[in-house]
Every structure is written in structure tokens, then in C-alpha cells.
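Novice: Any chance you can model this:
(2 chains)
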Amino acid sequence: MSYLEVLSEQHRACDQLFAGIEQHAYKGDWTAAASAAQAFVNDTEVHFAYEEGVLFPALEAASPNATGPTSVMRSEHAQMRELFAALLAATAEHDTEALADAVETLLFVMQQHNAKEENVLYPIADRLLPADGAKELDSTRKVG
Amino acid sequence: MDLSGLSPDKAPPVEAPLALFYLMPLFIGLAGMVLLWQGDQVLASRWAPATLAATHFIVLGALAPVMCGALLQISPVLLGAPFPRVRLIALLTATGLGVGSLLIGSGFLTGLPVLLVAGGVAAASGLAVFLVAAQLVLRGAGGRMETRWAVRLATAALGVTLLLGLSLAAARMGWLHLPQHLLLVDTHVAWGLGGWVGLLLAGIGMEIIPLFYIAPAFSRWIKRTLPIAVFAILIGLTALALQTSASMALLKTLMLALFVAHLVYNLAALAVQRRRQRPQRDANLWLWQLSHVGVLAAFVAWLVGYSPSQVGVLLLGAALSFVVGSMLKIVPFLSWLDLQQRRIAGRHVKVTLPRLRALLPTRTANAVGLTLAAAIVAVAAAPLAPLLTRVGGLLLVVCAVLLGYALASAARQRHAVIRQFDASGPAR
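Specialist: I've put the predicted structure just below:
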């Protein structure tokens, strides 16, 4: 498995959790919506932690040009974290309007961020970094 | 491809796509006015001056700028390759297309070929700037191979459309003799609608539909085959049209193949949207669905022998639905993203940003979508009652006013927040 495959798979898994929030709220099941929101935030934070703690530093060490792009990715993570708070608050308060806003904004930020990673950053990580890293990440996921 | 495309200084400023997006309401409105003014004359023949004026207002004035603007915006995200000097390119393309479309439309309406040529030169200059920049960008592009090819072939199709259009304008001036004039008009339309518009909307659509609605990805087979198949069919059509005695049966077969290729994408898009994970249906989604159904309706109309102008109305309606739907989704997000980036850069943490749905309220988006859909249905049904052309024209004018209001309102709110940033002092 490559970085592109493993990390894109994580994006898709987070997307599924994200969609679950709206599906539950749409049916009026706010308890399920709140727990889906929490599960989505938790899994996304695990993904961010790997990128910020392992992948981005490795890329920065491998290429002097990587610092600008990884700082953009970190800043987009920060933007998403702000929106996570709005998402959790909206599900906790059963606020349909606030949830619709948080979901719509977060979806856009998240998808354009994921597209940049999947189309540019991960293919370059596969080119610059040793394949062991991706294999290790994949095996951790399978064990977890 | 390298990482530089993701650098902070390479993100396109929001003003670049917006400069192009702002042309859309103006030219939808002008097309609506032509329908309102000329009524059923517009659809009486595809050669009627009013038909040609309205078509160019829609294709060159409304659709082309938004598609170029969307490409400026989406290129760093999907291809990892930002356009260089993006503000200048946006300004030159918008000016060329705006002035060019006005002159071409006026040229058809007044019957003055010199306006057509002047308009052709203006539009071609604007598009040439965009095309040269796009080719430079594509040279260093990364991303998925199939997206790269769809964009590459769509922009090449735009180049061919432009060359054929200029040749037709030159022939009107008597500067050029085109023996197969009528066939070349068909070829110009096929490259414009089937190549540039169809391929770009499909290429981008196959990326953004799954992203916006958390839907399954399109099959790789369609993504890879569609652009190449469409381009090959268009080359075949052109080669045939340039012959002195083109076989009509073969031409019709190639047109059928072109329709079928686009039909495959549009049916796949409907299927992907049906399998979306997000439950709600907003104006963007139903306008996209209307667009896919519109292509299907155009195919049926063509098969049963409806007039080319009726088939054209359905195809233009389909393209407009997809592009207007996308704009209703993208404009509030781009405005919000611009403010968010300024907020972070300036550390204006105390300034609250407007909500996405305040920047473009759901009610306004629905009103824009409904008036557009009603206008398309009215004009498409005009053979049943001639008055419907004028009704459709009026609805298009209303749609243009609502869209213009939506864009202006989003811009006004964005500028109000920027003023708040300025008032809250410089970055610490």
C-alpha cells in the first residue's frame, strides 16, 4: 500500500462518518447524530495527528520546498478544527440551521483539502519517502 | 509536478474567478431580453439573427467565463498547478469575453459583419490568453491522469471552436470561401458544445459530484474513455465536414456517437447522485440533475427529429443548469474562504465571519434555480405555444436579476467584513 492509498482510504472512512451525522439529524435522531459527529472528529484527529506528527516532518526533511505547502495543510487543519467545534455544538444543541451551516462549510474545506492532498501531496510523499512508512501505517490500521 | 502548487502564495485570489463569474448574470439577462423582444422569431430557424445572438450571449458571455473562472480556481486543487499571474489572466479573459460577446451579439442583431469580426477578435484575444496560460499550467500539472486529459482535451476543443468560429466570421466578411459552410457551422457547434462545454463539465463533474455529495466515485473506465472518445469523434466529424462530398449517413452516425458518449456520462452522473450519502436536496443538486435529464431530453428530441434549434435549447439549458448550480454552491464558499484566510493572516480573531448560508441564502438559491428551470421548460415547450418563448425570456431576465443580486449581496457582505478587519487594526 502507498501513502496515497492508505491515507485516501482514511479520508473516505471519515467521509462516511461525516455523512452519518446529517443522515441521523435528518431523521431527527440527535443522539445518534451527536455520537456520529464525535466519532468523525475523533477519527479525523487521528488522521491529522499522523500527518502533522509523521508525514509532514518527513516531507519537510526530504524536500526544502515542502515547508510552504505543509504549512498550508496545517493551517487548513486548524480551520477544520474550528469548524469541528461548531459541528459538535450544533449536534449537542439539536440546532438544524447551525448544523446545516457547519456541515456545508466543513464539507467544502475538507474536500478541497483532501483533493489537494490526494492529487498533489500524497503522490509526492510516495515519490520522496521510503515505502516502509506507508506499509507501517497500513499495518497499524489493520491491527487497530 | 512538484509541491509548489500548494504554496500559500499560489492560492488564487477570490477576485480572479469572481471577475469572470460576474459576467454570467449580465449575459443571461441579455439572452432573456432577446427572447422577450423577438419572441417566436428566435426559434423559427437556427439561422435567425436573434437565435445566433442569444446563443452567443449564453455560450460565450455566460458559460465560457464561468468555466474559465472555475478552472482558474480548481486547477491548484485537482491538478496541483496554479495559473501564473492569475488576476491578469482573469481580467484579460473577462474583458475579451465580455466585449467580444456584446459585439458578436450586436453583430448578429444588426446584421453588421464588421461587429462580428471585431467581437470575434476580442473574444479570441481573451480566450487565447486563457488557452496559452492553460497549456503552460497543464505542462506542469499533476493530479489524476484522467482529469488532466479531460481538461487538456476540453481546452483543445475550445481552441478548435474558436478557430472555426473565426473562419465562419471571416467567411461572412467575404474574406474566406468555405465550400461546406453549413457543415462547418455544425462542426463549430459540435466542438463548442460537445467538446469544450461537454468535456469540461464532465471532467470536472466526475471529480466534484462525489466530493460535494459524498457519493461513490465514477468508474475509472468512463473517466478514462469519455474524453478520448469524444475528442476522436469530433476529429472524425471535422474530417468529414471538410470533404467536398461528405456522407450524410456517416455524419449522422458520428453525431449519434457523440450524443451517446455524453449520454453515458450523464446517466452515470444521475446514478452516482442517487447513491449519494448526503440526504438533502439543495438547488445545486436539483439543477445538476435537471442538467443531466436535459441532455437525455435533447438526445430524444434529436432522435425523433425535432428542429436543431429545439435540440440546441435543451443542450444550452442543460449546460446552464449545471454551471449555475455549481456557482450557487461555489460563490458563498469562495467568499467565506477568502474571509477566513484574511482572518487568519491578520489574526482578526474577534471578527465573526458570516455563515455560508447568509452569504447566499437558500431562498435566493432556490429562486435562481426555479426561474432558470422554468425558463428552460418554457422555451423548450415553445413549439406548443409561441408565447412561451417570451415567457421564457422574461423568466431568464428574472433569473439573471436574482443571480446578479445574489452575487452582489455576497460581495457586499464580504467587503463589509474586510472593512471590519481593517477597522480592527493591523495584524499583531
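
Novice: so how many other residues sit close to whichever residue of the stretch 251-400 of chain B sits closest to chain A?
Specialist: When distances are taken as CB to the nearest CB, the stretch 251-400 of chain B reaches nearest to chain A at B:Gln277, 3.4 Å away. (Each C-beta comes from the backbone N, C-alpha and C, glycine too.) Using other CB atoms under 10 Å in any protein chain shown, B:Gln277 is surrounded by 16 other residues.

Novice: now it, what's its secondary structure?
Specialist: Assigned by DSSP: H, G, I helix; E, B strand; the rest coil, the conformation of B:Gln277 is coil.

Novice: Surely it and B:Ala215 touch.
Specialist: Yes. B:Gln277 sits in contact with B:Ala215 when judged by CB atoms under 8 Å, with a separation of 6.7 Å.

Novice: Can you report how many residues neighbour residue 12?
Specialist: Picking chain A for this. A total of 13 residues lie near A:Arg12 under the criterion other CB under 10 Å.

Novice: Sorry, I should have been clearer: chain B.
Specialist: B:Pro12 has 21 neighbouring residues, counting by other CB under 10 Å.

Novice: After the longest helix anywhere in chain A, heading C-terminal, what element do we hit next?
Specialist: With residue count as the measure and DSSP state H as the assignment, chain A has helix A:67-92 as its longest helix. Heading C-terminal from helix A:67-92, the first helix or strand you meet, by DSSP states H and E, is helix A:96-116.

Novice: Which residues does that next one contact?
Specialist: Among residues not part of helix A:96-116, those counted as contacts by CB atoms under 8 Å, 6 or more residues apart in numbering or on different chains are A:8, A:11, A:14, A:18, A:21-22, A:25, A:33, A:73, A:76-77, A:79-80, A:83-84, A:86-87, A:89-91, B:6, B:76-78, B:80, B:207, B:211-212, B:214, B:280, B:333, B:336-337, B:355-357.

Novice: For the residue nearest the centre of chain A, which non-adjacent residue is closest in space?
Specialist: Closest residue to the average C-alpha location of chain A: A:Thr44 at 4.3 Å, with CA atoms, centre = their mean. In space, not counting the residues next to it along the chain, A:Thr44 is nearest to A:Cys14; the distance is 5.1 Å by CB to CB, 6 or more residues apart in numbering or on different chains.

Novice: And for B:Leu240?
Specialist: Ranked by CB to CB, 6+ apart and with sequence neighbours excluded, the top spatial neighbour of B:Leu240 is B:Ala246, at 4.8 Å.

Novice: The residue of the stretch 251-400 of chain B closest to chain A and A:Gly68: what is the separation?
Specialist: Taking CB to CB, to the nearest Å as the measure, B:Gln277 falls 34 Å from A:Gly68.

Novice: per-residue pLDDT, the spatially closest residue to A:Met80 that is not a sequence neighbour?
Specialist: What sits nearest to A:Met80 in space, not counting adjacent residues and going by CB to CB, 6+ apart, is A:Val109, at 5.7 Å. With respect to pLDDT, A:Val109 has a value of 91.

Novice: outside of the helix or strand of chain B with the lowest mean pLDDT, which residues touch it?
Specialist: Within chain B, judged by mean pLDDT, DSSP states H and E, the helix or strand with the poorest mean is helix B:41-44; its value is a mean of 79. Contacts with helix B:41-44, where a contact means CB under 8 Å, 6+ apart, come from B:34-35, B:48, B:50-51, B:54, B:307, B:309-310, B:313, B:379, B:382-383, B:389.

Novice: so which strand or helix has B:Ile74?
Specialist: helix B:64-74.

Novice: got the phi/psi numbers for B:Gly305?
Specialist: Taking degrees, to the nearest 10, you get phi 90, psi 30 for the backbone angles of B:Gly305.

Novice: that older thread, and the helix holding B:Ile74, what does it pack against?
Specialist: Helices and strands touching helix B:64-74, by 3 or more CB pairs under 8 Å, 6 or more residues apart in numbering or on different chains; DSSP states H and E, are helix B:15-21, helix B:23-38, helix B:86-110, helix B:113-139, helix B:198-213, helix B:308-346.

Novice: Mind putting those into CSV with mean pLDDT and distance to chain A?
Specialist: Converted to CSV, the helices and strands packed on helix B:64-74 look like this (pLDDT from 0 to 100; distance: least, CB to the nearest CB, whole Å):
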stretch, mean pLDDT, distance to chain A
helix B:15-21, 95, 13
helix B:23-38, 96, 20
helix B:86-110, 96, 16
helix B:113-139, 93, 13
helix B:198-213, 93, 4
helix B:308-346, 92, 4
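
Novice: which of the contacts of helix B:41-44 are buried?
Specialist: Buried members of the contacts of helix B:41-44, counted by 16 or more other CB atoms under 10 Å in any protein chain shown: B:34-35, B:48, B:50-51, B:54, B:309-310, B:313, B:379, B:382, B:389.

Novice: measure B:Pro216 to chain A for me?
Specialist: Separation of B:Pro216 from chain A (CB to the nearest CB, to the nearest Å): 10 Å.

Novice: Quick one: residues contacting that residue.
Specialist: Residues touching B:Pro216, when contacts are defined by CB under 8 Å, 6+ apart, comprise B:210, B:272, B:275.

Novice: got the contact list for the second one?
Specialist: Counting by CB under 8 Å, 6+ apart, B:Val272 touches B:209-210, B:215-216, B:218.

Novice: at 10 Å what do you get?
Specialist: Neighbouring residues of B:Val272 by CB atoms under 10 Å, 6 or more residues apart in numbering or on different chains: B:205-206, B:209-210, B:213, B:215-219.

Novice: which of these has the most neighbours?
Specialist: For the contacts of B:Val272, the largest number of neighbours (other CB under 10 Å) sits with B:Met206, at 25 neighbours.

Novice: now the farthest one out in chain A, which residue is it?
Specialist: A:Gly28 (25.8 Å).

Novice: quick one, phi psi at that residue?
Specialist: phi 90, psi 10.

Novice: Pretty sure A:His94 is one of the things it touches, is it not?
Specialist: Yes. Here A:Gly28 reaches A:His94: they are 8.9 Å apart, a contact under CB atoms under 10 Å.
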